[in-house]
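**Student:** generate a structure from the sequence data that follows.
(chains A and B)
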Amino acid sequence: MSEVQKKKYSEKEKTNIFDNEFMPHIDSMYNFGYRLTFDEDDAKDLVQDTYLKAYRFINSFEQGTNAKAWLFRILKNSFINEYRKKSKQPAKVDYQEVETYYNSESVDHSITSDLRVDAVKDMIGDEISNALNSLAVDFRTVIILCDLEGFTYEEMAKILDIPIGTVRSRLHRARNLLKDKLRSYAQDMGYDTDNED
Amino acid sequence: MEKDLTPSGERKLECDDVSKCFQLLESILDGEVNSESKETLDGKLAKCQPCFEYFHLEQAIREVLKTKCSKQPVPSELASSIRQKIEEIK
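**Tutor:** Next up is the predicted model:
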């Protein structure tokens, strides 16, 4: 957000933008907040904080552009700057090892050939949610933004402040991690996940 | 739908460039590649077993994520408390 705030919207226009372009996304925002923190109060605080910032900086919002992406970016930044600082969890985890492993070709192949479409389709919501929630926050975030919220790679790049190429490769890794989780659920469910061919 | 596309084991069992193909298939599923027509894609999937399996698995996962992930109901007082706070800073 720019430091210099130009006064381009009247009070009436501000209220109009806030009510018609910002507030309709409260449902997605709250769920994003909840999936980041796993805590109802923290999610509420994050969303409230995001909307207050959005109002304060409303002059840097261009009407007609994607309000949802703009709000998600503020929420994500609030989460990183304030929530993570407050919480006891380490702010940064070294994903190097995970990333190297899950980005290798052998993993691409083995994970895919071991998990069956039928097994995935038979899973219940809790299993899918748990698998997603078990991923490290950076990987979880790209799947939430892409698959649950339907953002494009370009929008995700802006929300996360990373290049599109990184969005693509992080998504790929995130999905491999997710498949690994789903595969272990499939095994628990008694599906034969061995490659019988 | 998948079954209609399966023409009895004529696909090659190894993909020559797994990483590249899989990332392309992911981009297609994410709606990021529009140049691939449905026919070109079907043609590709009809020739390569790993790509065929990968595509349908990825498609299934996206579908269950979209339809089955549990959603949290927004606390009823959240919107009004936000509006109240906005009124205070106005």
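**Student:** how much space between residue A:146 and chain B?
**Tutor:** Here residue A:146 is placed at a distance of 6 Å from chain B (Cβ to the nearest Cβ, to the nearest Å). Glycine gets a C-beta too; all of them are placed from N, C-alpha and C.
**Student:** same deal with residue A:76?
**Tutor:** 18 Å.
**Student:** I figured that residue hits residue A:156, correct?
**Tutor:** No: using Cβ atoms under 8 Å, residue A:76 is not in contact with residue A:156, being 10.3 Å away.
**Student:** those two: who's more crowded?
**Tutor:** Of the pair residue A:76 and residue A:156, residue A:156 is the one with more neighbours under other Cβ atoms under 10 Å in any protein chain shown, namely 24 against 20.
**Student:** pLDDT at the residue nearest the centre of chain A, what is it?
**Tutor:** Against the mean C-alpha coordinate of chain A, by Cα atoms, centre = their mean, the closest residue is residue A:141 at 2.4 Å. On the pLDDT scale, residue A:141 is placed at 97.
**Student:** just the element for it, please.
**Tutor:** Taking DSSP states H and E as the criterion, residue A:141 maps to helix A:137-143.
**Student:** how far is the next helix or strand after that helix from where the chain is centred?
**Tutor:** Where DSSP H and E defines the elements, the next helix or strand beyond helix A:137-143 is helix A:153-160. On the basis of Cα atoms, centre = their mean, to the nearest Å, helix A:153-160 sits 11 Å off its chain's mean C-alpha point.
**Student:** which residues does helix A:153-160 contact?
**Tutor:** Helix A:153-160 is contacted by residues A:66, A:69, A:72-73, A:76, A:141-142, A:145-146, A:151, A:163-164, A:166-168, B:30, B:32 when judged by Cβ atoms under 8 Å, 6 or more residues apart in numbering or on different chains.
**Student:** one more time with 6 Å, if that's ok
**Tutor:** A:69, A:72, A:73, A:76, A:145, A:164, A:167, B:32 (Cβ atoms under 6 Å, 6 or more residues apart in numbering or on different chains).
**Student:** the helix or strand bottoming out on mean pLDDT in chain B packs against which elements?
**Tutor:** Taking mean pLDDT, DSSP states H and E as the measure, helix B:38-47 is the helix or strand of chain B with the lowest mean score, a mean of 83. Contacting helix B:38-47 under the criterion 3 or more Cβ pairs under 6 Å, 6 or more residues apart in numbering or on different chains; DSSP states H and E are the following elements: helix B:49-68.
**Student:** what's the longest helix in chain A?
**Tutor:** When chain A is parsed with DSSP state H, its longest helix is helix A:164-188.
**Student:** buried ones in it, by neighbour count?
**Tutor:** A:167-183, A:185-186 (16 or more other Cβ atoms under 10 Å in any protein chain shown).
**Student:** out of these, which are close to chain B?
**Tutor:** Residues of the buried residues of helix A:164-188 in contact with chain B (Cβ under 6 Å from any Cβ of the partner chain): residue A:172.
**Student:** nothing else from me, thank you.
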